[in-house]
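> Sharing a sequence plus its predicted fold:
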Amino acid sequence: MADGTVSTVRKVSESTNGGNGSTSVAPSTAANRATGASEVRATEAGDQVQFTQPSNDHLVEQLFETQGPGKPNATEAAQLQKSLGVVDAGALQLLARQGTRIGVVNPGENMYQMGVLREVDLQQMQQNMPGYQARMAELDQQLDAKYKPLFADMQKRIKGLSPDDPLRVQFDLQLAQLQGDRTYELSQGLEAAGIPARPLLPPLSAKEASNSQLAQMASQVTEGPLPTAAMGDIHGANTPERLKEFEGLMQGLNGERLTAARQEGLESMRARVASAKTPEDKARFQGYLDAALKDPTQIPIDHRASNIVVPNVHYVDKDGGTSRLNLHDRVSLNNWGDGTNQAAPQVNPQTGEGSVLRGQYFEDVNRLLVRDTMVGTETPVHEVGHAIEGAVQRADAKYYADFEPRLMQAYETARNGSTVSAYAQASPREYIAEGVSHYYEDPKALKATDPALYALTQELIAKANQLGSQ
């Protein structure tokens with residue numbers, strides 16, 4: 001790419017980092033930046049100093065995958081350099097220092113070769129099971145102390161009311177909300193404790209609900225009791241070998257809680273047999289009970305009331321064998337591959353076939369993927385926005401702990417109001433990534449539309465510049 005000759009002005013501001021008074025370069029914008037640009041910077045004394053900023057091409061190139069199917073070809077590399085050339089050099093240096101990599105996804109490429117999908121280490125998971133059980137017991141105690149009195153109070157209110165009583169309907173809804181709140185807190189607690197498990201399927205966020213793969217999984221989860229065999233099927237444990245392994249993980253994670261839940265399930269089945277109104281119903285219910293007594297995986301479990309958790313292990317067919325992925329990677333594989341292990345073409349609006357994904361940042365492996373048809377659009381900058389947020393969090397946890405609550409507050413306001421795009425309202429992560437994308441594309445419009453997001457984005461990029469320039 002040819003170097004530009006546009007003269008630009010960039011602000012220099014002072015910030016304190018651990019008391020060392022390090023210099024932080026405030027971010028410039030697409031409107032006043034070009035590669036190889038001549039810049040005027042103000043010194044601390046207020047003098048104007050002219051200098052030439054080198055092209056960002058080499059900084060962008062440092063982020064490219066260098067081998068395998070994700071490696072950009074010459075055309076893709078040139079387009080990525082043009083798209084990402086607007087990003088501040090300090091931020092790009094921070095990403096390079098942390099090993100961030102960018103890969104390009106072309107139709108037909110094997111997603112397992114992209115370096116973003118992680119196989120679950122089953123042996124390590126089994127070895128760590130005693131520690132998981134101890135941390136889960138602590139988590140259960142904390143949640144029970146909070147929610148048990150609330151559940152008991154609600155049950156007292158419901159007692160004696162007929163099912164069709166408007167007050168009973170209201171209390172049932174409140175009880176369901178309490179159960180959902182506990183499930184959500186359990187899910188968050190499991191993640192924070194590093195336990196590879198989750199409730200069968202906690203309440204979906206707005207972003208998750210919009211995900212077709214997650215929505216399909218959610219549709220398989222009934223509000224009522226569900227046997228562990230059905231839970232395993234949702235996780236892809238659709239062979240005897242996989243189901244046996246899944247059952248072992250279920251027992252390891254839940255222990256006595258699973259035994260108690262199954263006992264309650266059997267008692268409920270016996271009650272249905274006893275209360276059957278016709279000989280036909282009695283015979284049918286007895287058949288279900290007999291099958292459950294022979295095979296415990298067929299005993300229906302009230303997975304919400306019993307607080308049963310499932311292993312974050314999902315089984316996928318791969319090369320004639322079995323791959324084990326966590327939920328995030330299973331959903332990512334299905335969304336990129338449209339149900340296969342090979343990247344699907346971009347979705348066809350007429351037929352609905354193909355993948356809807358334009359790009360994705362995989363935080364755990366610090367890799368981002370961009371669809372081949374999107375390398376010359378705003379998508380790479382959006383995904384780099386995710387990477388910048390993650391890089392700042394890793395490099396300065398103390399700063400990010402202060403930044404994140406302010407981001408959440410601004411997001412909640414935008415979610416219930418208006419902002420730069422509908423996608424920015426999907427989650428706090430998408431909110432700030434859209435902020436980065438719009439900041440470099442049209443900062444004036446961003447500032448006018450969502451001043452809070454503009455300020456947060458400017459602050460985050462300035463911090464990334466500071467960290468990358470150290």
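Thanks, I have it. Numbering: from 1, shown residues only.
> Every contact and neighbour count from this point should use C-alpha atoms.
Fine.
> Please tell me I have it right and Gln179 contacts Ser306.
No: applying C-alpha atoms under 8 Å, one finds Gln179 not in contact with Ser306, separated by 10.4 Å.
> Look at those two and report which has more neighbours.
Set Gln179 next to Ser306 and count neighbours by other C-alpha atoms under 10 Å: Gln179 wins out with 17 against 14.
> would you say that one is within a strand?
No: per DSSP: H, G, I helix; E, B strand; the rest coil, Gln179 lies outside any strand segment and is helix.
> separation between it and Met136?
According to C-alpha to C-alpha, to the nearest Å, Gln179 and Met136 sit 18 Å apart.
> can you check Ser421 too?
Going from Ser421 to Met136 by C-alpha to C-alpha gives 39 Å.
> So which of the two has more stuff around it?
Higher neighbour count among Ser421 and Met136: Met136, with 21 against 14, using other C-alpha under 10 Å.
> ok, and the closest non-adjacent residue to the more buried one?
The spatial neighbour of Met136 that comes closest, neighbours along the chain excluded (C-alpha to C-alpha, 6 or more residues apart in numbering), is Leu190 at 7.5 Å.
> right, and Phe289 touches Ser268 too?
Quick fix: residue 289 reads Leu, not Phe. No: Leu289 lies out of contact with Ser268 (C-alpha under 8 Å); the separation is 9.7 Å.
> Compare the two (neighbour count), which wins?
A side-by-side neighbour count of Leu289 and Ser268, using other C-alpha under 10 Å, places Leu289 first with 23 against 16.
> Now the residue minimising distance to the centre of the chain: which helix or strand?
Centroid-nearest residue in the chain, with C-alpha atoms, centre = their mean: His328, separated by 6.6 Å. Following DSSP states H and E, one finds His328 within helix 327-337.
> Quick one: list the elements packing against that helix.
Helices and strands touching helix 327-337, by 3 or more C-alpha pairs under 8 Å, 6 or more residues apart in numbering; DSSP states H and E, are helix 212-219, strand 314-318.
> Let's see that with 10 Å instead.
Secondary-structure packing of helix 327-337 (3 or more C-alpha pairs under 10 Å, 6 or more residues apart in numbering; DSSP states H and E): helix 212-219, strand 314-318, strand 321-325, strand 359-362.
> quick one: which of the ones you listed has the weakest pLDDT on average?
Comparing mean pLDDT across the helices and strands packed on helix 327-337, the weakest is helix 212-219, with a mean of 48.
> residues making contact with the helix or strand just after that one?
Sequence order places helix 228-234 as the next helix or strand after helix 212-219, per DSSP H and E. With contacts defined as C-alpha atoms under 10 Å, 6 or more residues apart in numbering, helix 228-234 is touched by 200-201, 216-218, 220-221, 235-239, 242-247, 250, 258, 262, 295-301, 303, 310-311, 313-315.
> and with 8 Å instead?
For helix 228-234, the surrounding residues in contact (C-alpha atoms under 8 Å, 6 or more residues apart in numbering) are 200, 217, 220, 238, 243, 246-247, 297-301, 310.
> Can you pick out the most distant pair from the residues you listed?
Of all pairs drawn from the contacts of helix 228-234, the greatest distance, 20.6 Å, lies between Met217 and Ile299 (C-alpha to C-alpha).
> who's more crowded, those two?
Each of Met217 and Ile299 has its neighbours counted (other C-alpha under 10 Å); Ile299 has more, 27 against 13.
> doesn't Ala292 make contact with the more buried one?
Yes: in this structure Ile299 lies within contact range of Ala292 using C-alpha under 8 Å: 5.0 Å.
> any common contacting residues for those two?
With C-alpha under 8 Å, 6+ apart, Ile299 and Ala292 have common neighbours Leu266.
> Which parts of the longest helix seen in the chain count as buried, going by neighbours?
With secondary structure taken from DSSP state H, the chain has its longest helix at helix 129-158. Going by neighbour count (16 or more other C-alpha atoms under 10 Å), the buried part of helix 129-158 is Met129, Tyr132, Gln133, Arg135, Met136, Leu139, Leu143, Tyr147, Phe151, Met154, Ile158.
> residues in contact with the residue nearest to the centre of the chain?
Here His328 is in contact with no residue (C-alpha under 8 Å, 6+ apart).
> ok, back up a step: put the alpha carbons of the helix holding His328 into PDB.
This file holds the C-alpha atoms of helix 327-337, laid out as PDB (Å, rounded to 0.1, in the frame of the first residue of the first chain):
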ATOM      1  CA  LEU A 327     -20.800 -24.900  24.500                       C
ATOM      2  CA  HIS A 328     -19.200 -21.700  23.100                       C
ATOM      3  CA  ASP A 329     -17.100 -23.700  20.600                       C
ATOM      4  CA  ARG A 330     -19.800 -26.100  19.700                       C
ATOM      5  CA  VAL A 331     -22.100 -23.100  18.900                       C
ATOM      6  CA  SER A 332     -19.300 -21.300  17.000                       C
ATOM      7  CA  LEU A 333     -18.600 -24.500  14.900                       C
ATOM      8  CA  ASN A 334     -22.200 -24.900  14.000                       C
ATOM      9  CA  ASN A 335     -22.600 -21.200  13.100                       C
ATOM     10  CA  TRP A 336     -19.600 -21.100  10.900                       C
ATOM     11  CA  GLY A 337     -20.200 -24.500   9.400                       C
END
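> Below-threshold pLDDT in the stretch 301-450 of the chain: ranges please.
Within the stretch 301-450 of the chain, the segments meeting pLDDT under 70 span 304.
> Lys148 versus the closest residue to Tyr147 other than its chain neighbours, what's the distance?
Ranked by C-alpha to C-alpha, 6+ apart and with sequence neighbours excluded, the top spatial neighbour of Tyr147 is Arg182, at 7.2 Å. In this view, Arg182 and Lys148 are 10 Å apart by C-alpha to C-alpha.
> Asp329 now?
Here the criterion is C-alpha to C-alpha. By it, Asp329 lies 34 Å from Lys148.
> can you check Ala261 too?
Ala261 is 17 Å from Lys148, by C-alpha to C-alpha.
> can you tell me the helix or strand for Glu76?
Applying DSSP H and E as the criterion places Glu76 in helix 74-84.
> avg pLDDT for that helix?
Helix 74-84 comes out at a mean pLDDT of 95.
> Mind listing residues that contact that helix?
1, 56-57, 60-61, 104, 372, 375-378, 380-381.
> Averaged pLDDT, stretch 131-151. What do you get?
For stretch 131-151, mean pLDDT rounds to 92.
> How far does that stretch sit from its chain's centre?
Centroid separation for stretch 131-151 versus its chain: 25 Å, with C-alpha atoms, centre = their mean, to the nearest Å.
> Quick one: residues in contact with it.
For stretch 131-151, the external contacting residues (C-alpha under 8 Å, 6+ apart) are Leu175, Leu178, Arg182, Glu185, Leu186, Gly189, Leu190, Ala193, Ile195, Gly252, Leu253, Asn254.
> could you redo the last one with a cut-off of 7 Å?
Where contact means C-alpha atoms under 7 Å, 6 or more residues apart in numbering, the residues beyond stretch 131-151 that reach it are Gly189, Ile195, Leu253.
> need the contact list for Leu453.
Applying C-alpha under 7 Å, 6+ apart to Leu453 gives the contacts Ala410, Gly435.
> could you say which helix or strand contains it?
Here Leu453 sits within helix 451-469, counting by DSSP H and E.
> ok, and for that helix, which residues are buried?
Neighbour-count burial for helix 451-469 flags 452-454, 456-458, 460-469 (criterion: 16+ other C-alpha under 10 Å).
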